[in-house]
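**Student:** here is a sequence with its predicted model. Questions after.
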Amino acid sequence: MPKNIKVGVGMMERTRLQYDFEREDAKKEVEALIEHWAAKWRTFDEQRELVAECFRALLSSSGIGDPLDPKELLIASNSHDEDAMEHIAAKWLLEYFHVQNLREDISIEEGSTDLEYLIERAVMLGQLQERFYWRQGVEEKTGKRPEIMALAGRKQVMGGKQGNDMRTDTSFEKTHGKEAQQYVDALHKKNPSLSWADMQRLTSEKYGVSAITIKRALTNPKKVGSSRSE
């Protein structure tokens with residue numbers, strides 16, 4: 001009997017059936033494969049129509065009058081944020097509408113322009129469908145949405161960056177602390193009305209570091225003897 005195997009790497013890892021045609025009962029394997037293909041097989045047109053039906057159902061449940069009407073689809077896409085499921089679904093159906101019309105009108109003998117436009121629209125269909133998957137699909141191994149996992153990974157990376165920034169603060173204090181403190185003191189002496197925030201900003205621009213680095217590394221000259229964070 002066929003067995004499940006893992007194919008793909010990273011976020012694209014997925015399960016596929018593997019058939020062993022060298023076994024003694026290979027005939028049964030072939031029959032199982034044919035049976036599986038017959039049950040799962042869809043032409044590309046049928047696959048796209050299944051996606052279209054799902055998107056139409058989504059829009060209908062959201063109150064769209066007629067998801068087959070390109071005018072309604074245009075209104076729907078413009079009425080929702082770019083990351084909303086309704087926006088992506090309406091945009092996909094609009095591109096699908098263009099592709100269907102082009103397929104009826106295209107004539108390769110007339111030149112390549114129409115064909116190139118058809119290809120462009122078809123590529124857009126794929127991009128929108130992939131975007132929908134990342135927003136709404138479920139990753140097989142974890143059962144979570146790919147976008148949620150990506151955002152969690154970004155949070156982890158940003159946490160590491162913040163930790164690195166804190167180490168940079170210490171390095172700045174050691175390498176430029178004395179010089180920068182003299183610069184801040186001179187700013188205050190020259191213009192006592194400058195706020196501590198203004199002095200942080202001017203100093204950060206001079207040394208090419210963040211204002212928070214300046215705040216942590218230097219002392220506010222307006223409050224002699226106070227802590228650096230004030």
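**Tutor:** Alright, I've got the coordinates. Computed from a predicted structure; not experimentally measured. Numbers count the residues shown, from 1 in each chain.

**Student:** now the helices for this structure?
**Tutor:** 26-40, 44-61, 70-79, 85-105, 113-136, 146-190, 196-207, 211-217 (DSSP state H).

**Student:** what domains does the record give for this protein?
**Tutor:** 1-41, 43-136, 148-217 (automatic domain parsing).

**Student:** next one: the first one to chain centre, how far?
**Tutor:** What separates the centre of domain 1-41 from the centre of its chain is 32 Å, taken as Cα atoms, centre = their mean, to the nearest Å.

**Student:** any idea of the mean pLDDT for it?
**Tutor:** Averaged over domain 1-41, pLDDT sits at 72.

**Student:** reformat the domains of the chain as JSON lines; add distance to K223 and mean neighbour count.
**Tutor:** Glycine gets a C-beta too; all of them are placed from N, C-alpha and C. Compiled in JSON lines, the domains of the chain are given as follows (distance: least, Cβ to Cβ, whole Å; neighbours: other Cβ atoms under 10 Å):
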{"stretch": "domain 1-41", "distance to K223": "51", "mean neighbour count": "11"}
{"stretch": "domain 43-136", "distance to K223": "45", "mean neighbour count": "15"}
{"stretch": "domain 148-217", "distance to K223": "8", "mean neighbour count": "14"}
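
**Student:** export those to JSON lines and tack on distance to T142?
**Tutor:** Compiled in JSON lines, the domains of the chain are given as follows (distance: least, Cβ to Cβ, whole Å):
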{"stretch": "domain 1-41", "distance to T142": "10"}
{"stretch": "domain 43-136", "distance to T142": "14"}
{"stretch": "domain 148-217", "distance to T142": "7"}
